[in-house]
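Enquirer: Turn this into a structure:
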Amino acid sequence: MNYPNDYLYLESPHINNGVSKLENKKVLFVFGDSWTNNRYIDETEKHWCYLLKEKLGYDIVVNISDNYDSNYEIFDCVKKTLCDNDYPMKQQLYLSKLKEFKVVVDWSTPMRDSTSVAEMYSPWNTATIPNLNSKKPNTKLWLDYVDKWFRVEIYSYDTQKRILFLQEFFNNNKIDWYMFMGFTPLVEKQFYNTEYDLRKWIDKNRFLFLNGFPNNMQDYLITTINKDFKEDTNINEMQFENNRLEYFCNDVFTSDGHPNIKGLKLMSDIIYEGMK
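Expert: Numbering: from 1, shown residues only. Here you go, the predicted model:
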């Protein structure tokens, strides 16, 4: 895939490879999964992050994301790219050489598990469905995990912790930041106002769709197709069940529910409006 000179795409945080290109530039950093890398769209100038860079009048966008990235991996990418190793965490020295920069984090479904626990039932994790009729031992282990041990509220809580840690880092270092959920809610309705709901400490002016409806970017895009749409989804919706297929395969969505060309433009519009 060909990227223009003002679009730096990295699958992992090897930012040192491109630091010299960023000096004295206005830079947009974006982090996320496939909803951010948009590699399924060949026209890179139509990716939402590039469109957002253009709206902001910035010089370059740095896109650090990969397909199927979990929120553990997204958090680590942000930390390795922007934070030094000292405590309290300070921003990387190279950032002081930039003219200006903003950060946008697109969080994936909290249920994606890239930890060493998930490796125990590899090659299946909670973002990859096995052949449920298989007699392999790992199939039973995976089914036992989902049926008996998996707790959606714990995964949601874990993502919220990471959001709050980054929020503190950004605020303490006076970094201009924004976040949103890509295609699932951050907290499911049955856990609202419980000990697993940390949203009251998250800045609602910088976290798009934090409360109410829509509560994620996919919901927002669906409402542009059907203004009366209002359907709660679970954080495992894309993995186990999908009642939204009627809204897919058009100029807003691809057939598998990713944002299409028009959807990417709408994403850039709403993020830009959220920055005002």
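Enquirer: pLDDT averaged over stretch 230-244 - what is it?
Expert: Average pLDDT, stretch 230-244: 73.
Enquirer: To clarify, my last question referred to stretch 209-217.
Expert: Average pLDDT, stretch 209-217: 95.
Enquirer: Which residues does that stretch contact?
Expert: The contact list for stretch 209-217, computed with CB atoms under 8 Å, 6 or more residues apart in numbering, reads 35, 106, 180-186, 199, 202, 204, 208, 219-220, 222-223, 230, 233, 259, 267, 270. Quick note: C-beta positions are derived from backbone N, CA and C, even for glycine.
Enquirer: Could you identify the helix or strand that succeeds the helix or strand of the chain with the lowest mean pLDDT?
Expert: The weakest-scoring helix or strand in the chain, judged by mean pLDDT, DSSP states H and E, is helix 237-240 (a mean of 56). Moving toward the C-terminus from helix 237-240, the next helix or strand (DSSP states H and E) is helix 261-274.
Enquirer: Summarise which helices and strands that following helix is packed against.
Expert: helix 48-56, strand 176-181, helix 217-223 (3 or more CB pairs under 8 Å, 6 or more residues apart in numbering; DSSP states H and E).
Enquirer: from the chain's centre, how far out does the last one sit?
Expert: Put simply, helix 217-223 sits 15 Å off its chain's centre (CA atoms, centre = their mean, to the nearest Å).
Enquirer: Please identify the buried residues of it?
Expert: The neighbour-count check on helix 217-223 (16 or more other CB atoms under 10 Å) flags 217-222 as buried.
Enquirer: what does the shortest one give?
Expert: Using 16+ other CB under 10 Å as the test for burial, strand 176-181 gives 177-181.
Enquirer: Could you point out which of the residues you listed is nearest to residue 7?
Expert: Closest approach between the buried residues of strand 176-181 and residue 7, by CB to CB: residue 178, at 19.1 Å.
Enquirer: Is that closest one in contact with residue 206, as I believe?
Expert: Yes. Contact criterion CB atoms under 8 Å: residue 178 and residue 206 qualify, at 5.3 Å.
Enquirer: which of the contacts of stretch 209-217 count as buried?
Expert: Buried among those (16+ other CB under 10 Å): 35, 106, 180-186, 199, 202, 208, 219-220, 222, 233, 259, 267, 270.
Enquirer: buried sites along the helix or strand hosting residue 64?
Expert: Assigned by DSSP H and E, residue 64 belongs to strand 60-65. For strand 60-65, burial by neighbour count (16+ other CB under 10 Å) applies to 60-65.
Enquirer: Mind exporting the C-alpha coordinates of that strand to PDB?
Expert: Extracted in PDB, the C-alpha atoms of strand 60-65 (Å, rounded to 0.1, in the frame of the first residue of the first chain):
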ATOM      1  CA  ILE A  60       1.700  14.800   9.100                       C
ATOM      2  CA  VAL A  61      -0.300  11.900  10.600                       C
ATOM      3  CA  VAL A  62       1.400   9.100  12.400                       C
ATOM      4  CA  ASN A  63      -0.800   6.000  12.500                       C
ATOM      5  CA  ILE A  64       0.300   3.200  14.900                       C
ATOM      6  CA  SER A  65      -2.200   0.400  14.700                       C
END
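Enquirer: any idea how far it is from the chain center?
Expert: On CA atoms, centre = their mean, the centre of strand 60-65 falls 13 Å from the chain's centre.
Enquirer: what do you get for stretch 28-48?
Expert: 11 Å.
Enquirer: Contact partners for the residue lying closest to residue 264 once chain neighbours are set aside?
Expert: The shortest distance from residue 264 to any non-neighbouring residue, by CB to CB, 6 or more residues apart in numbering, is to residue 48 (4.4 Å). Going by CB under 8 Å, 6+ apart, residue 48 touches 36, 38, 259, 264-265, 267-268, 271.
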